[in-house]
Structure formats: structure tokens, C-alpha cells
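Participant: can you look at this prediction? I've put the sequence above it.
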Amino acid sequence: MIAYLRGKLFQTTATDVVVETSNGIGYIVHITLGTYNAIKDLKEAKLLTHLIVKEDSHTLYGFADAAERHIFIQLISVSGVGPATARILLSTLSAQEVREAIISENINRLKSAKGIGPKAAKRIILELKDKLLKDSGEQSAAIAQTLTVDNSVREEALSALIALGFNKSQVQKALNSLLKSNKNYQNSSLLIKEALGKLSS
């Protein structure tokens, strides 16, 4: 696997660049618009790469930073999302914007990229949200907003509301909304009561 290329840049365009390494070999590298903007004024650069091997081709994709490459690799792991689609998405949105759209389940943001329809957007979110949360070392959205609250109180409320038949995702959103108010919930009963009000409204 080729981890990166360092060398002189030739024929830099918005979609491709030729990198000549010190041994005199020129590599055609497909890039995103974000990477193009980062290197377009440079004569030499280091590009992180990802090699895709098919029966009839070996194709290199290059990235100005590790975050963009990581999101690209995650995207092409999704069923039905190929490198061309992933590159278009990363040319429409930055790696951080793609990541935030997936984590926040923002289907419309993902759909802003050509070739990404509602089904593809939902599939990307379904397959990557948990991975991105785990990879970044973040706590899940259900817990991230509650660092000042005793987690045992929150967990008791979550368990009780799920036991009452409410959807876990909806419960998490309701609890997040309440806990963001910075109200000090000393026990789960008040939290459950106010969450029930939100869930029933």
C-alpha cells in the first residue's frame, strides 16, 4: 500500500494532479476540490494516498490531510458508494462537514452533493454514524450533553422510558434537550416526568 507521495506537482487541476517523486516517476493522483485548494499554489507537496485496485486498474486518490482520507475510506466502505461518489461528496463538503452531517443525521446536507440521493444518504448515516463517533473517541450524542449530570440518574431515566415503550432515539433526544438546560436533576423521577411531557407532546 502506498501511504503517501512527496514530490513536484505537475498539471494540477481541480480533479487530478501528477506528482513526480525523487526517483523520476510521475503518479497520476485523483484529488478532491478541497485538496486542490490546499495545493494549487504549491510546486511541491506531500499527499496522503489511498490505492484502489481493480482487475483492470490501479487508481491513486490523494488527500491534503488525514481527516479527508479517513472520511473517504469510510465512505467507500458503504455499500453502493464508490470512490467517484465519495470524491464528489468531499468536493462539495469538507471532511469535517461530511462527518458532522453523518453524526447529526443531516440527510439534506449529504444530498447537496451530486449523486447522493435520500437512500444513499440514509445508508451512509446508518453504516457510518457509530463508527465515526467511536473513531473520534467522542461519547455518543445521547451522553455528550450530560457531562455535568450524574450518569446514573440519566441512565435510570433512559431505562425507565424505554421500558415504558418509547423509542430509544426519541428518548435520548428528549433527555439531551432537558439536560442542556443545565437544570440540576438530583434524581431520575423529575427527569422522567419532564421527559414524558416532551415525548407526549
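Facilitator: Here it is on my side, so go on.
Participant: next, the contact list for the closest residue to residue 107 other than its chain neighbours, please.
Facilitator: Leaving aside its sequence neighbours, residue 107 sits nearest to residue 121 (CB to CB, 6 or more residues apart in numbering; 4.5 Å). For every residue, glycine as well, the C-beta is placed using N, CA and C. Contacts for residue 121 were tallied using CB atoms under 8 Å, 6 or more residues apart in numbering; they are 107, 110, 111.
Participant: pull the CA atoms of the host helix or strand of residue 121 into PDB?
Facilitator: In this assignment (DSSP states H and E), residue 121 forms part of helix 118-135. The C-alpha coordinates for helix 118-135 follow below in PDB (Å, rounded to 0.1, in the frame of the first residue of the first chain):
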ATOM      1  CA  PRO A 118     -32.000  10.100   0.000                       C
ATOM      2  CA  LYS A 119     -31.500   6.400   0.000                       C
ATOM      3  CA  ALA A 120     -27.700   6.700  -0.300                       C
ATOM      4  CA  ALA A 121     -27.600   9.500   2.400                       C
ATOM      5  CA  LYS A 122     -29.600   7.300   4.800                       C
ATOM      6  CA  ARG A 123     -27.300   4.300   4.100                       C
ATOM      7  CA  ILE A 124     -24.200   6.400   4.700                       C
ATOM      8  CA  ILE A 125     -25.600   7.600   8.100                       C
ATOM      9  CA  LEU A 126     -26.800   4.100   9.100                       C
ATOM     10  CA  GLU A 127     -23.400   2.500   8.400                       C
ATOM     11  CA  LEU A 128     -21.000   5.300   9.500                       C
ATOM     12  CA  LYS A 129     -22.500   7.200  12.400                       C
ATOM     13  CA  ASP A 130     -21.500   4.900  15.100                       C
ATOM     14  CA  LYS A 131     -18.100   4.300  13.500                       C
ATOM     15  CA  LEU A 132     -17.300   8.000  13.300                       C
ATOM     16  CA  LEU A 133     -18.400   8.500  16.900                       C
ATOM     17  CA  LYS A 134     -16.200   5.700  18.100                       C
ATOM     18  CA  ASP A 135     -13.200   6.600  15.900                       C
END
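Participant: fine by me, we can end here.
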